[in-house]
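A.B. asks: sharing a model prediction with you, sequence too.
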Amino acid sequence: MGGWTLGVIGGSGLYAIDALEDQQWIEVETPWGKPSDALLKGRIGDVTLIFLPRHGRGHRLSPSEINYRANIDALKRAGCTDILSVSAVGSLREHLAPGMFAVPDQLIDRTWLRQPSFFGSGMVAHVSMADPVCPRLAGFAVAAARGAGAVVAEGGTHITIEGPQFSTRAESHLYRSWNCDLIGMTAMPEAKLAREAELPYALVGMVTDYDCWREGEDHVDVASVMKVMAGNARAARAMVREIALALPTEREASPIDAALDFALITAPDARDPALVARLDAVAGRVLRG
Ligand SMILES: CSC[C@H]1O[C@H](OP(=O)(O)O)[C@H](O)[C@@H]1O
Ligand SMILES: Nc1ncnc2[nH]cnc12
């Protein structure tokens, strides 16, 4: 057992964390290219926290342009044990009102323009995504968000669309018919890559809008999302502080820490040494030696 190093990926409206003590921005190089920004490393209580603004400071990158592989590799390389994603999400359900927080337990991937895996030709791996969200981290997130004063919905299904456009009305109704509860543009492939990197992942969605399915409600736009996010930023920062303070000093192992144990399929003599070298941070635990 060791301590926690919590990676926090901040979405729209969350580009820094003021409460971090001894904070410094650190540049991290990865074999997958450049992460969205430097990492903001600091401390809250006994917990080391490493913050990455998903779209970069100033929100330079669209959801499709984010280098998700570089982001997850950088967080792993910097020593993160777990990743908490904070994201602005649309609501596909009446009871999930703008201003609420929601912590889903299932994710659906409808993206198609992004690199969804660290593995491939010369080193093939298939991790389980049956339960894409870490229940332990999600539980801490729910408690922390409540402690920060937010109204929190626990569980539910989040769908990630490619964007950058918001959905058509027909798509919004389609996702509702699939029993999706929340909609965003960034949870995938972030969660898949976190699993491949053996990093437990949980998502705190800050509900900003009703997308475009709801009768009598204006369709979502950036101004309405950012208005709700501005009202929620304090609670989001408080939630990050609460979760760091609530984590136990010692971190018990999670089954996700060993997600690659039964995932690698390429025979050792058929592996591509160049790809194996690129996987040093992500899969070094199972590939070294
Ligand atoms: C600003 S509206 C659409 C934008 O907001 C969400 O970003 P994030 O998940 O990083 O908080 C959504 O996924 C879109 O990228
Ligand atoms: N309605 C919506 N669709 C996709 N991503 C979003 N992020 C915030 N609201 C959204």
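C.D. replies: Received the coordinates, thanks. Ligands and ions are numbered 1, 2, ... in the order given.

A.B. asks: the closest residue to residue 13 other than its chain neighbours: what's it in contact with?
C.D. replies: Among residues not flanking residue 13 along the chain, residue 229 sits closest, at 3.2 Å (Cβ to Cβ, 6 or more residues apart in numbering). (Glycine included, C-beta is placed from N, CA and C.) Neighbouring residues of residue 229 by Cβ atoms under 8 Å, 6 or more residues apart in numbering: 12-14, 88, 206, 208.

A.B. asks: dump those residues to a markdown table, plus pLDDT, secondary structure and distance to residue 155.
C.D. replies: Compiled in a markdown table, the contacts of residue 229 are given as follows (pLDDT from 0 to 100; DSSP: H, G, I helix; E, B strand; the rest coil; distance: Cβ to Cβ, whole Å):
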| residue | pLDDT | secondary structure | distance to residue 155 |
| --- | --- | --- | --- |
| 12 | 91 | coil | 23 |
| 13 | 87 | coil | 24 |
| 14 | 90 | coil | 23 |
| 88 | 97 | strand | 19 |
| 206 | 97 | strand | 16 |
| 208 | 97 | strand | 19 |
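
A.B. asks: closest to residue 281 out of the residues you listed?
C.D. replies: residue 14 (24.8 Å; Cβ to Cβ).

A.B. asks: ramachandran angles for residue 51?
C.D. replies: phi -110, psi 140 (degrees, to the nearest 10).

A.B. asks: er, residue 182 actually
C.D. replies: According to degrees, to the nearest 10, residue 182 has phi -130, psi 150.

A.B. asks: how much space is there between it and residue 96?
C.D. replies: 7 Å (Cβ to Cβ, to the nearest Å).

A.B. asks: contact partners for residue 20?
C.D. replies: Under the criterion of Cβ under 8 Å, 6+ apart, the neighbours of residue 20 are 40-44, 49, 51.

A.B. asks: got the residue ranges for the strands in the chain?
C.D. replies: 5-10, 21-26, 39-44, 47-53, 82-91, 101-103, 106-110, 152-154, 157-161, 182-184, 201-209 (DSSP state E).

A.B. asks: grab the nearest non-local neighbour of residue 181.
C.D. replies: Residue 181's closest residue in space is residue 156 (Cβ to Cβ, 6+ apart), at 3.7 Å.
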